[in-house]
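*Asks:* Structure for the following, please:
(one chain, ligands or ions: 2)
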Amino acid sequence: MATPQPSLDTIAAPATPVGRSALAIVRIDGPQSAEILSVLSGRSNPEERTATLVELRSDGDVLDQCIAVRYAAPHSFTGNDLVELTLHGGAVVVERVLHAIVERGARLAEPGEFTERAVLNGKMDLLQAESIADLIDARTALQAKVSLSNLEGALSRKANAIRQSLLQVIARLEATLDFAEEGYEFISRPEARGAMHRALEETRALLETHRRGAATRSGLSAVILGRPNAGKSTLLNRLVGSDRAIVTPIPGTTRDIVRETLEIGGLPVTFADTAGLRESEDLVEGIGVERARSAANAADVVLYLIEAPGGMTGDDRAELERYPGAWVVYTKIDLAPAPPDAFGVSVVKDAGVSELLARLDRFVRDRFAAEAGSLVNERQRAAAAECAEALGAAVESLDAGHEEQIVLVDLYRAATALGMLTGAITRAEIFDEIFTKFCIGK
Ligand SMILES: Nc1nc2c(ncn2[C@@H]2O[C@H](COP(=O)(O)OP(=O)(O)O)[C@@H](O)[C@H]2O)c(=O)[nH]1
Ligand SMILES: [Mg+2]
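*Replies:* Ligands and ions are numbered 1, 2, ... in the order given. Below is the predicted model of the structure:
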């Protein structure tokens, strides 16, 4: 582990949302943290890692009575000396305490700065740091579960294992090059190829986890399509359990997209109710139809509604050709039955709706629910894709009978991409990109 830099400054921030609450936590990190605590509390510092009741004073004024916990480097979240104050909640208390801390030499922390320090001190890698932000932002239990598995290191272990195997091949190919004159061979070409190919397969498997990981992180979109009056708005209202969209017997009522989010299969699924698909003279309705089509193109699920009494028309067939994966749902089956083998619902009679939800639940779980150790964002995907591309090129060079040096260029590129993924290789711009998205105080 890196030793904390002596020149490090001391930072402070509230770690809980500022506002009316029972308790509020303020953190101080850096070399002066313990000294600031002892000045404000007017006493020698409490035992390490021991909750201690102290009174904080500034210029003779009592600021608050709080519980202070002092952590000494390297045994803290950041790896530096760190103090956590559990104050009474309330904006004024937090504000006054922070002010006193800053007056004694600390500065206010930037978003994510505590976690960034933890990464720089080798307390966690970049993937784990990102999963903290994900955990904080989790909207469903499944999102929290995947974030926790990555925080615990599930994704880092997969990426490190691949990187280690590549570094071994690199080392042995380099050694072979160094001793080429003497005729030593530290790894045969078939052996190197085998190892590279395995690493490529593992990297591809990692990339495969991205669809699930990304869906778990950002949720899915479902679009409800169909001709005017098919019952789209009625179904949306029933799914979300409120009169969200306006329902009338007049075709063309819905013009703009109405969106509502439900939790299905552990993920947030945002349903979009759209304008009915028809050629319209009306400018606003025409724009609505365009929006409906483009939302459907980007959707994870398209529900295509058809009135059972009218049945499928030529227009429906033409629309359905644009969305090959669409689920056809016949509506208003209280008025006429759906065709045999077709799926039907009646909101009026409350028939088929829970079956529709159950099917969606299965679909989301089968296709999108992430397992532990999934790539969850674009940065991670791009790094894994770069690695796979470089490994593919390395295998090709080897097969084409190119020299070791040429193969090594791509192998280094692959190993570097994995190093960027976990943060073993650090770049300032990646850090900025990741940590500025954090909350203050984390
Ligand atoms: N009988 C019956 N009528 C329905 C059902 N669902 C919707 N409707 C009626 O069909 C008309 C059009 O519904 P709406 O949801 O606005 O259709 P949209 O244009 O596709 O959004 C309204 O008068 C609804 O009350 C149903 O399950 N059974
Ligand atoms: Mg509508």
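*Asks:* now the end-to-end length of stretch 365-375.
*Replies:* Its start and end residues considered, stretch 365-375 measures 17 Å (Cα to Cα, to the nearest Å).
*Asks:* Give me the buried positions along that stretch.
*Replies:* Residues of stretch 365-375 classed as buried: 368, 369, 370, 373, 374, 375 (neighbour count, 16 or more other Cβ atoms under 10 Å). For the C-beta atoms, the positions are set from N, CA and C on the backbone; glycine is no exception.
*Asks:* now swap in stretch 264-279 and tell me
*Replies:* 264-277.
*Asks:* how far is it from where the chain is centred?
*Replies:* Chain-centre distance of stretch 264-279: 22 Å, with Cα atoms, centre = their mean, to the nearest Å.
*Asks:* just the CA coordinates of that stretch, formatted as CSV?
*Replies:* The C-alpha trace of stretch 264-279 is given here as CSV (Å, rounded to 0.1, in the frame of the first residue of the first chain):
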residue,chain,number,x,y,z
ILE,A,264,-40.1,-5.4,-12.7
GLY,A,265,-37.7,-8.4,-12.2
GLY,A,266,-35.7,-6.3,-9.8
LEU,A,267,-35.0,-3.5,-12.3
PRO,A,268,-36.6,-0.2,-12.9
VAL,A,269,-38.6,-0.5,-16.2
THR,A,270,-39.8,2.8,-17.7
PHE,A,271,-43.0,2.4,-19.7
ALA,A,272,-43.7,4.9,-22.4
ASP,A,273,-47.3,5.5,-23.6
THR,A,274,-47.2,6.9,-27.1
ALA,A,275,-49.4,8.6,-29.7
GLY,A,276,-51.4,6.1,-31.7
LEU,A,277,-49.7,5.1,-35.0
ARG,A,278,-51.6,6.6,-37.9
GLU,A,279,-51.0,8.9,-40.8
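*Asks:* before we move on, back to that, dump the buried residues of stretch 264-279 to CSV, plus pLDDT, secondary structure and distance to ligand 2.
*Replies:* Shown next, in CSV, are the buried residues of stretch 264-279 (pLDDT from 0 to 100; DSSP: H, G, I helix; E, B strand; the rest coil; distance: Cβ to the ion, whole Å):
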residue, pLDDT, secondary structure, distance to ligand 2
264, 93, strand, 21
265, 89, coil, 26
266, 87, coil, 29
267, 89, strand, 25
268, 91, strand, 23
269, 94, strand, 19
270, 94, strand, 17
271, 95, strand, 13
272, 93, strand, 11
273, 92, strand, 6
274, 89, coil, 8
275, 85, coil, 7
276, 81, coil, 6
277, 82, coil, 11
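*Asks:* Between the residues you listed, which sits nearest ligand 1?
*Replies:* Lowest distance from ligand 1 to those (Cβ to the nearest ligand atom) belongs to residue 276, with 4.8 Å.
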